[in-house]
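Colleague: I'd like to go over a predicted model; first the sequence, then the structure.
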Number of protein chains: 4
Amino acid sequence: MKKYQQEIDDWVQGYEEPYWPALSIFARIVEEVGEVGRLLNHMYGSKPKKVSEAEQELGQEIADVMFSLICLANKHNIDLDIEMDKVIEKSRNRDKDRFDKKQK
Amino acid sequence: MKKYQQEIDDWVQGYEEPYWPALSIFARIVEEVGEVGRLLNHMYGSKPKKVSEAEQELGQEIADVMFSLICLANKHNIDLDIEMDKVIEKSRNRDKDRFDKKQK
Amino acid sequence: MKKYQQEIDDWVQGYEEPYWPALSIFARIVEEVGEVGRLLNHMYGSKPKKVSEAEQELGQEIADVMFSLICLANKHNIDLDIEMDKVIEKSRNRDKDRFDKKQK
Amino acid sequence: MKKYQQEIDDWVQGYEEPYWPALSIFARIVEEVGEVGRLLNHMYGSKPKKVSEAEQELGQEIADVMFSLICLANKHNIDLDIEMDKVIEKSRNRDKDRFDKKQK
């Protein structure tokens, strides 16, 4: 994650106003999440696109959301690697006994 | 990104139903994006929390969204490193002449 | 719709700052849409709540979203009855030949 | 609200599958909420459109969200007038002493 946070920051720091106001970045995130929703309705709704084509697009839309999330994190000096490790640890503990494990 | 995609996949593959249906993962993503919105309203609205405290929480909420996005990507065999490189490249080209660059 | 727009406006006009900034109202809308998503995952996911109970809650969450949408509309002097009529008309025309009609 | 709920229901009941699955309607709602976000960033971001034009569009986008919310409500037999009355009542009570009232 550090790689992407750094790359994006290096690039935007060349601009007068490196990051938008937080609530504008947020509106952008929601716009892009909406695009993911549109695509999923294509894929799982009544008129599916070709699967391989839709998966290509889905990858780009997910990455668009991630890009904006990284901007929001950078703006607030958040180290996403630390945060990701915490979230994964949290999920492991929370779900330990919550779902059915495969039988060995 | 590969590290997180792999870690999450290793872990969920131990379960009977590794990933939820795509539209359920999507609803989860939106729930967590909503949490980010709630927090930003605390931070930038009329009753701000202490900034350091809110930034801690914001980091976790952003990482929660990322976690669910990675689940959605894994479910569809999407390589997020490839997609992130494309998005960053795309942004660089699109915004090249769009905003004011800092004067040297 | 006019009734609700009027009721909400009458009430908030009693305050110093009747409506929040638009992007804050938007973040609130998304927070509440996220609540709808959480509830739908309860209803249609693996651990359903009792249906009648969930429908009660769902009604409130949907109305919460509507309330915030009405605030956003009021802030921008939008007459939602005019807009609703247009949207319904538009949907009728667009979907006329798009889905299978019931056989008489 | 009853008027719109009834109009939409009368119309979709003519189709084989009157309402989409709930999670598909939800993805549609989010797509349309994303459109509202896009427009607000135009209106309040660095490159504003003409205000009157943007307000026109904003009205349609808000009504699009409402349309999909009404579909979700109809699908679950929710009476939105009852729910709206509850939400307005709840807001009145909650915010009674929360914000500064105008001085008489």
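Modeller: Yes, it's here.

Colleague: does the residue lying closest to residue A:38 once chain neighbours are set aside lie in a helix or a strand, and which?
Modeller: In space, residue A:38 comes closest to residue D:31 once its chain neighbours are excluded; the distance is 4.5 Å by Cβ to Cβ, 6 or more residues apart in numbering or on different chains. Every residue, glycine included, has its C-beta placed from N, CA and C. For residue D:31, the element it lies in under DSSP states H and E is helix D:22-44.

Colleague: what's the offset of that helix from the middle of its chain?
Modeller: Helix D:22-44 sits 10 Å away from the centroid of its parent chain (Cα atoms, centre = their mean, to the nearest Å).

Colleague: got it, and stretch A:40-60?
Modeller: Worked out by Cα atoms, centre = their mean, stretch A:40-60 lies 18 Å from the chain centre.

Colleague: quick one: contacts of it?
Modeller: With contact meaning Cβ atoms under 8 Å, 6 or more residues apart in numbering or on different chains, stretch A:40-60 is reached by A:36, A:39, B:21-23, B:26, B:72-73, B:76-80, B:82-83, B:86-87, D:17, D:20, D:24, D:27-28, D:31.

Colleague: can you rerun that using 7 Å?
Modeller: The contact list for stretch A:40-60 (Cβ atoms under 7 Å, 6 or more residues apart in numbering or on different chains) reads A:39, B:22-23, B:26, B:73, B:76, B:78, B:83, B:86-87, D:24, D:27-28.

Colleague: can you check stretch A:66-85 too?
Modeller: Counting by Cβ under 7 Å, 6+ apart, A:1-2, A:4-5, A:8-9, A:19, A:22, A:25, A:28-29, A:32, B:4, B:55, B:58-60, B:62-63, B:65-66, B:69, B:84, B:87, B:91 sit against stretch A:66-85.

Colleague: same thing but 8 Å
Modeller: Residues lying outside stretch A:66-85 but in contact with it, judged by Cβ under 8 Å, 6+ apart, are A:1-2, A:4-5, A:8-9, A:12, A:19-20, A:22, A:25-26, A:28-29, A:32, B:4, B:36, B:55, B:58-60, B:62-63, B:65-67, B:69, B:80, B:84, B:87-88, B:91.

Colleague: narrow those residues to those in helices?
Modeller: Cross-referencing the contacts of stretch A:66-85 against helices under DSSP state H gives A:2, A:4-5, A:8-9, A:12, A:22, A:25-26, A:28-29, A:32, B:4, B:36, B:55, B:58-60, B:62-63, B:65-67, B:69, B:80, B:84, B:87-88, B:91.

Colleague: could I have the ChimeraX command that selects the buried members from the residues you listed?
Modeller: Remark: buried members of these, expressed as a ChimeraX selection using 16 or more other Cβ atoms under 10 Å in any protein chain shown:
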select /A:4,5,8,12,22,25,26,28,29,32 /B:4,36,55,58,59,60,62,63,65,66,67,69,80,84,87,88,91
